[in-house]
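[1] what follows is a predicted protein model with its sequence.
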Amino acid sequence: MTVLVTGVTGFTGGHLARYLRRRGQAVRGLVRPARAARAEALRDAGIEVAIGDLTDPASLVPACAGVAVVYHIAATYREAGQGGAAYRDVNVDGTRHVLEASLAAGARRLVHCSTGGVHGHVERPPANEDAPFAPGDVYQRTKLEAEQLASGFGRRHPLEVVVARPIGIYGPGDTRFLKMFRGLARGRFPMLGSGRVFYHLTYIDDLVEGFRLCGETPSAAGRTYLLGGPEYTTLAELVEIVARELKVSPPRVSWPVWPVWLAGALCELVSVPLRIEPPLYRRRVDFYRKSRAFDISRARAELGYNPAVSLQDGIRRTADWYRAQGLL
């Protein structure tokens, strides 16, 4: 069968498309016109390219033609100076457009990529899929709205919708954790707070297998799954694991969180209206004060999801890639 992957020029979507292609799937990837230059590398990997944009419903019609399963990975993430309307245009309205195009094309199933961030700070870890929602920023709020839109659409129409909530995606090719690795490697990683909050990471290879299972397991229709790694740790333990891999000492001094959080709020207040990159974000400070720990037993039991890459091994592979790229 042919499958469509949106967000195919991004880290997660790109890995998913290549993984499905290696497994023998016929894969089509949706590429925005602004990123058309990246299409050649996708074609070289055996992926058919469809040029289109989530905000342009007409462009999604040919992208969805003849597709059995749609993996909707694309979203707008956190970008400097981006107002709330941009998140809504892509994360919410864009999801609606993909759902409608998938239904019109006769697709059987759509796997919607949400985020574990819809649960916000986990008060009683580990959280499962039924834990309270507490999105902490406009990205998480629009992802929650899109998730609920997708689930409702699936209940009303003959399109199977499966919602996947990934947790802390990382691995070679991604740079979201580069600041942490680089800071520790250079002895300049600031430790804030007690370090006792929980952190849960998911290695990219495990995640894309989880997405595949969401797309292919018959009983998954209409269900929601948290896709996380096999273990979670405290932030202090995570920092120690990374430091040990980098052969450096972890930070010995910890600073109070709240003064830095307030400084981040002030930076955003000044920078966002000017559409410039704030030197400090509140969400970066939230890394130190919000727990992220999840129970993946539903995905294990219903999908056969079995994340195989340990945190230690995943950190090692990621550090090796950073070194090979000269990033450390």
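    Thanks, I have the structure now.
[2] can we go C-alpha only for contacts and neighbour counts from here?
    OK.
[3] tell me where this protein has strands.
    Ranges of strands within the chain are 2-6, 26-31, 48-51, 69-72, 109-113, 160-166, 169-170, 191-192, 198-200, 202-203, 224-227, 232-234, 254-255, based on DSSP state E.
[4] format those strands as TSV; extra columns: distance to N91 and mean neighbour count.
    Shown next, in TSV, are those (distance: least, C-alpha to C-alpha, whole Å; neighbours: other C-alpha atoms under 10 Å):
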stretch	distance to N91	mean neighbour count
strand 2-6	12	25
strand 26-31	15	25
strand 48-51	18	20
strand 69-72	10	25
strand 109-113	10	26
strand 160-166	14	25
strand 169-170	18	22
strand 191-192	32	19
strand 198-200	24	23
strand 202-203	22	25
strand 224-227	18	26
strand 232-234	28	19
strand 254-255	35	12
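[5] now those in CSV, with distance to R124 and mean pLDDT?
    Formatted as CSV, those follow (distance: least, C-alpha to C-alpha, whole Å; pLDDT from 0 to 100):
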stretch, distance to R124, mean pLDDT
strand 2-6, 34, 98
strand 26-31, 39, 98
strand 48-51, 43, 97
strand 69-72, 30, 98
strand 109-113, 24, 98
strand 160-166, 18, 98
strand 169-170, 22, 98
strand 191-192, 21, 88
strand 198-200, 11, 96
strand 202-203, 20, 98
strand 224-227, 16, 98
strand 232-234, 14, 97
strand 254-255, 24, 82
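[6] I'd like the ones you listed laid out as CSV, including distance to A134.
    CSV is the format used below for the strands of the chain (distance: least, C-alpha to C-alpha, whole Å):
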stretch, distance to A134
strand 2-6, 26
strand 26-31, 31
strand 48-51, 35
strand 69-72, 23
strand 109-113, 18
strand 160-166, 14
strand 169-170, 20
strand 191-192, 23
strand 198-200, 16
strand 202-203, 21
strand 224-227, 15
strand 232-234, 20
strand 254-255, 26
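[7] L269: which of these is closest?
    Set against L269 and scored by C-alpha to C-alpha, the strands of the chain come closest in strand 191-192, at 22.0 Å.
[8] in its sheet, which strands sit next to the closest one, and in what direction?
    When pairing is defined by DSSP bridges, strand 191-192 lines up against strand 254-255 (parallel).
[9] which residues are contacting the strand it pairs with?
    With contact meaning C-alpha atoms under 8 Å, 6 or more residues apart in numbering, strand 254-255 is reached by P190, M191, L192, G193, S194.
[10] please state the offset of it from the chain centre?
    Relative to its parent chain, strand 254-255 has a centroid offset of 29 Å by C-alpha atoms, centre = their mean, to the nearest Å.
[11] repeat for stretch 236-243
    Taking mean C-alpha positions (C-alpha atoms, centre = their mean), stretch 236-243 and its chain are 22 Å apart.
[12] buried stuff in it?
    A236, E237, L238, V239, E240, I241, V242, A243 (16 or more other C-alpha atoms under 10 Å).
[13] isn't V8 up against V31?
    Yes - with contact defined as C-alpha atoms under 8 Å, V8 reaches V31; the gap is 6.5 Å.
[14] if we can go back for a sec, need the contacts of strand 254-255 in JSON lines with distance to I315, can you?
    Converted to JSON lines, the contacts of strand 254-255 look like this (distance: C-alpha to C-alpha, whole Å):
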{"residue": "P190", "distance to I315": "19"}
{"residue": "M191", "distance to I315": "19"}
{"residue": "L192", "distance to I315": "21"}
{"residue": "G193", "distance to I315": "23"}
{"residue": "S194", "distance to I315": "22"}
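[15] any idea how far apart the tips of stretch 290-308 sit?
    26 Å (C-alpha to C-alpha, to the nearest Å).
[16] excluding its backbone neighbours, what's nearest A150?
    Residue nearest to A150 in three dimensions, not counting chain neighbours: V161, with 6.8 Å by C-alpha to C-alpha, 6 or more residues apart in numbering.
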